[in-house]
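>>> Next input, structure requested:
(one chain, ligands or ions: 1)
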Amino acid sequence: MTIAVRFGRGSTADKPLLVLGPSLGTSATTLWSAAADRLAEHFHILAWELPGHGLDRVVPEGPLSVADLAAGVLELVDEVGERRFHYAGDSVGGAVGLQLLLDAPDRVASAVLLCTGARIGSEQVWNDRVAAVRAGGTAGLVEASAGRWFGPGFVGREPDRAGALLHALAGAADEGYAAVCQALAGFDVRDRLAEIGAAVLAVAGAEDAVTPVDGLREIADGVRDGRLEVLDGVAHLAPAEAPDRVAALVLEHALGIQPEPAPAPEEAPGVPGPTAAGPSYDAGMAVRREVLGDAHVDRATAATTSFTADFQQFVTEHAWGAVWTRDGLDRRSRSMITITAMVALGHQEELAMHVRAARTNGLSVEEIREVILHSAVYCGVPAANTAFRVAQEVLVGLGDVESPV
Ligand SMILES: O=C(O)CC1=CCC(=O)O1
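Numbers count the residues shown, from 1 in each chain. Below you'll find the predicted structure:
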């Protein structure tokens with residue numbers, strides 16, 4: 001099963017479908033959300049996840065190929081009841097785009113293939129990467145990946161976006177990452193490019209050493225209707241590094257629309273802070289991880305299904321990205337309010353989670369006791385009684401309170 005992340009509102013009934021593909025080690029949201037925000041007015045957008053990456057926590061049991069990934073994308077499009085779709089994918093996501101153009105030429109209306117190649121790296125490169133991820137996990141790949149992924153100055157200009165991408169890498173399953181490397185080791189469609197008749201825009205990052213400009217030129221020259229565009233200052237993750245330019249290229253290539261120039265940041269209307277650009281998934285995920293811990297968020301993510309994926313995204317964007325990120329209250333105060341609300345509403349499971357979060361946010365055991373005691377006055381003694389039992393179990397588990405005899 002391939003997991004889809006949906007951007008924007010509306011359906012394929014009112015807008016054409018655009019499918020977005022990820023790069024190795026990234027999640028669909030961290031790589032594509034900034035560009036997708038700019039495209040959502042014109043397309044119904046689905047982005048797919050690599051196995052074991054982002055919202056997809058399922059690691060393939062057998063060997064994986066780029067053709068398997070392409071077949072998963074076609075199933076996803078079938079699930080939304082569409083036949084034809086526009087496609088844009090970065091790196092392995094671009095390789096999957098080429099495979100789709102070969103395997104299902106009648107289904108791909110147009111393709112933008114970014115920072116990719118008809119062959120990426122070599123078998124040796126991918127075997128070495130598999131060995132590295134098995135030895136040190138995806139967290140051990142963060143430093144080297146940061147060096148390959150971003151153009152000069154990007155991390156300094158966009159620390160949150162870079163941080164979210166690297167965080168997603170560290171959160172990717174080791175064996176999911178290894179499976180994608182093995183798929184890339186077996187991918188080579190250089191001698192089949194001339195079979196591709198759909199309009200292809202090949203987009204290279206001028207600073208990309210992983211999939212250099214020549215490989216994108218090979219695609220543009222090799223397919224029957226290809227064009228090359230080179231983005232200055234960009235390395236390997238063009239959709240995250242240059243979302244405005246990428247969105248403009250996709251819009252023009254797929255629909256022939258010249259986008260309105262984006263307002264300069266100083267002219268952008270609205271309130272400063274995280275709400276200015278709308279609820280932010282990346283910022284929300286960072287705070288959610290800081291407050292609830294990686295283990296909790298990884299468990300929630302692992303338990304995500306196609307039924308709950310939209311809700312998980314909603315929680316991260318709105319509860320965490322739009323509210324917990326605000327400056328108006330410190331995290332200690334937010335924890336106190338949240339505990340009180342959980343006591344009042346009798347949400348025991350969420351209360352346990354927020355007692356743990358309150359300790360992370362710096363509340364002492366004594367302060368948590370006072371919050372629950374105080375809430376007894378306003379929420380009722382029975383509610384506080386249950387809350388003391390739930391909180392005590394958590395605090396005993398954390399070793400903060402002695403176990404009752
Ligand atoms: O090596 C990387 O981290 C970049 C990359 C190569 C293939 C892909 O999808 O990403």
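>>> And Val66, how close does it get to Ile257?
Counting by Cβ to Cβ, to the nearest Å, the gap between Val66 and Ile257 amounts to 30 Å. Placement of C-beta: from N, CA and C, glycine included.
>>> between those two, who's got more neighbours?
Neighbours around Val66 and Ile257, counted as other Cβ atoms under 10 Å, are more numerous at Val66. The numbers are 23 against 13.
>>> Disregarding flanking residues, what is the spatial nearest neighbour of that one?
Leaving aside its sequence neighbours, Val66 sits nearest to Phe187 (Cβ to Cβ, 6 or more residues apart in numbering; 4.4 Å).
>>> cool, and Glu75?
Spatial nearest neighbour of Glu75, excluding adjacent residues (Cβ to Cβ, 6+ apart): Thr2 at 6.3 Å.
>>> where's the one you found, which helix or strand?
Per DSSP states H and E: Thr2 is located in neither a helix nor a strand.
>>> okay, now it: neighbour count?
Counted with other Cβ under 10 Å, residues neighbouring Thr2 total 21.
>>> tell me the contacts of it?
Residues touching Thr2, when contacts are defined by Cβ atoms under 8 Å, 6 or more residues apart in numbering, comprise 48-49, 56, 69, 72-73, 75-76.
>>> same thing but at 7 Å, please
48, 72-73, 75-76 (Cβ atoms under 7 Å, 6 or more residues apart in numbering).
>>> What is the neighbour count of the residue of the stretch 151-300 of the chain found nearest the ligand?
Using Cβ to the nearest ligand atom, Val210 is the residue of the stretch 151-300 of the chain that sits closest to the ligand, at 4.7 Å. Summarising burial for Val210: neighbours were counted as other Cβ under 10 Å, giving 21.
>>> The one 5 residues further on now?
If you count neighbours by other Cβ under 10 Å, Gly215 ends up with 20.
>>> Could I get the contacting residues of it?
Here Gly215 is in contact with Gly117 (Cβ under 7 Å, 6+ apart).
>>> For Ala131, report the pLDDT, please.
On the pLDDT scale, Ala131 is placed at 98.
>>> name the helices or strands packed onto the strand or helix carrying it?
Using DSSP H and E, Ala131 sits within helix 123-136. Other helices and strands packing on helix 123-136, by 3 or more Cβ pairs under 7 Å, 6 or more residues apart in numbering; DSSP states H and E, are helix 174-185.
>>> what residues does the helix it packs on touch?
Identification of contacts with helix 174-185 by Cβ under 7 Å, 6+ apart yields 24-25, 50-53, 59-60, 63-66, 69, 92, 95, 120-121, 123, 126-127, 129-130, 133-134, 137-138.
>>> For the ligand, tell me which of these show up nearby.
Here is what survives when the contacts of helix 174-185 are matched to the ligand using Cβ under 6 Å from any ligand atom: 24-25, 92, 120.
>>> Taking these together, which two end up most distant?
Pairwise distances across these peak at 13.2 Å for Gly25 and Ile120 (criterion: Cβ to Cβ).
>>> Looking at the two, which one has more neighbours?
Per other Cβ under 10 Å, whichever of Gly25 and Ile120 has more neighbours is Gly25, with 31 against 22.
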